[in-house]
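Student: how would this look folded up:
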Amino acid sequence: MPKWKLSLSVSTTFIRELMNVPRAAQHSALREMEQLRIDATRPGSKPLAGNKDIWVCRVWPYRLFYTFRSGWIHFISIRHRQGAYRTIPDAPEIPTIVDEVFDSEALASELPEVSTLSVLENFDINELRSHGMSPDAIDALMSWDGTEKAFFGLSDFQLPIWIMERLLADLVAEKESTPVELVRQQVLDRFFRVVEGLPCENHVQEVTIVSPWITPWVGKSSSLNGLARVVARRRLRVRVITRPPASPENEEALRLLSSASTKSVDIFYVNNLHAKFYICDLAPVPFALIASANATQGSLSNVELGLFVRGRGEFESVIRDLQSMADQLAAQSGG
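Tutor: Sure, this is the predicted structure:
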């Protein structure tokens, strides 16, 4: 006789994250989910320190975050072990954002190599109107062309989070053929214009800035002032690793960032720092810039070069390696 199983549900975020991990990890996670339906406290799982309503289960090298009650289990997030605990996911009292209950064993055999979800698939005009969307917002959505410019334009319409998540998934899928982009002009701007343009509902866990020198800058689509406003508005967690300030411009830039949010901005000084890279730990697809450019106004007029990396699939390990390097640099900081 088969064992009795808990009813299984998943958050929209979990589905997005699951579709962006390597295929082998997808199947391992789904197999583990089936076992957790039988025993939600099985060996390898434990309650999360600081929030006993959330449990964590290891599926190397990922972590499954879930909550359960009598009769059901709800999966909240799947994250790489590096950085998995930077922010603690919320545990709903009941699963309020739920996809259809599904048989994960059957789903495992049907998972594609990458997500093929189209943002326009199955959208119903009447349903959009029922969410209070204006005619202009609906027209803009239905003319979506999968570009970053269109994504940032749509964020102005205050669309529901479930729509913005589908837009982001579609945008990432469009970029899948080029997970690494060579940046030759306005290198610094390439990273920060994406950070500053993300809608508030997006799940940014942390922004890391590793740059020997930082000064106020103004690019074509971003600025240090703009970043500070985003940090202040969203209480965005920012980690800055730099050399001790050597000029009034350096001091002004660091003061601007730290004053944006005294509780969420951490600054570390490393005397011999020369590396330059920038990370946005965004769920479900983080991204990073590895560049010759300092975070300075001068870099925008210099001849600089950078690699913009989207952490989708196997490229997520690149982002996690950069985060590990940032952790090591912060640990050797003098203060």
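
Student: all helices of the stretch 151-300 of the chain, in order?
Tutor: Shown for the stretch 151-300 of the chain, the helices assigned by DSSP state H, counting those that start in this stretch span residues 161-175, 187-197, 224-234, 248-260.

Student: Give me the phi and psi for Phe65.
Tutor: Dihedral pair for Phe65: phi -110, psi 130, per degrees, to the nearest 10.

Student: which residue is nearest the centroid of this structure?
Tutor: Using CA atoms, centre = their mean, the residue of the chain that lies closest to the mean C-alpha position is Leu282, 1.1 Å off.

Student: Chain neighbours aside, what residue packs nearest to it?
Tutor: Take Leu282 and drop its neighbours on the chain: the residue closest to it by CB to CB, 6 or more residues apart in numbering is Val204, 5.2 Å away. The C-beta positions use only the backbone N, C-alpha and C, and glycine is treated the same way.

Student: Run through the stretch 201-335 of the chain and note the low-pLDDT ranges.
Tutor: Counting by pLDDT under 70, the stretch 201-335 of the chain contains low-confidence residues at 201-203, 334-335.

Student: give me that answer again for 90
Tutor: Screening the stretch 201-335 of the chain residue by residue with the criterion pLDDT under 90, one finds the ranges 201-206, 219-222, 226, 229-237, 258-264, 281-286, 310-317, 320, 332-335.

Student: Then the stretch 1-150 of the chain?
Tutor: Across the stretch 1-150 of the chain, the ranges flagged by pLDDT under 90 are 1-35, 37-39, 42-45, 47-53, 58-62, 68-77, 79-150.

Student: Can you show me the strands along it?
Tutor: Assignment of strands within the stretch 1-150 of the chain using DSSP state E, counting those that start in this stretch yields the ranges 7-10, 45-48, 51-59, 62-69, 72-80.

Student: Switch the ones you listed over to CSV; also include distance to Ser221 and mean neighbour count.
Tutor: Formatted as CSV, those follow (distance: least, CB to CB, whole Å; neighbours: other CB atoms under 10 Å):
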stretch, distance to Ser221, mean neighbour count
strand 7-10, 35, 20
strand 45-48, 38, 15
strand 51-59, 37, 17
strand 62-69, 34, 22
strand 72-80, 29, 23
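
Student: circling back to that earlier point, was I right about the residue nearest to Leu282 contacting Cys280?
Tutor: Yes: counting by CB atoms under 8 Å, Cys280 is a contact partner of Val204 at 6.3 Å.
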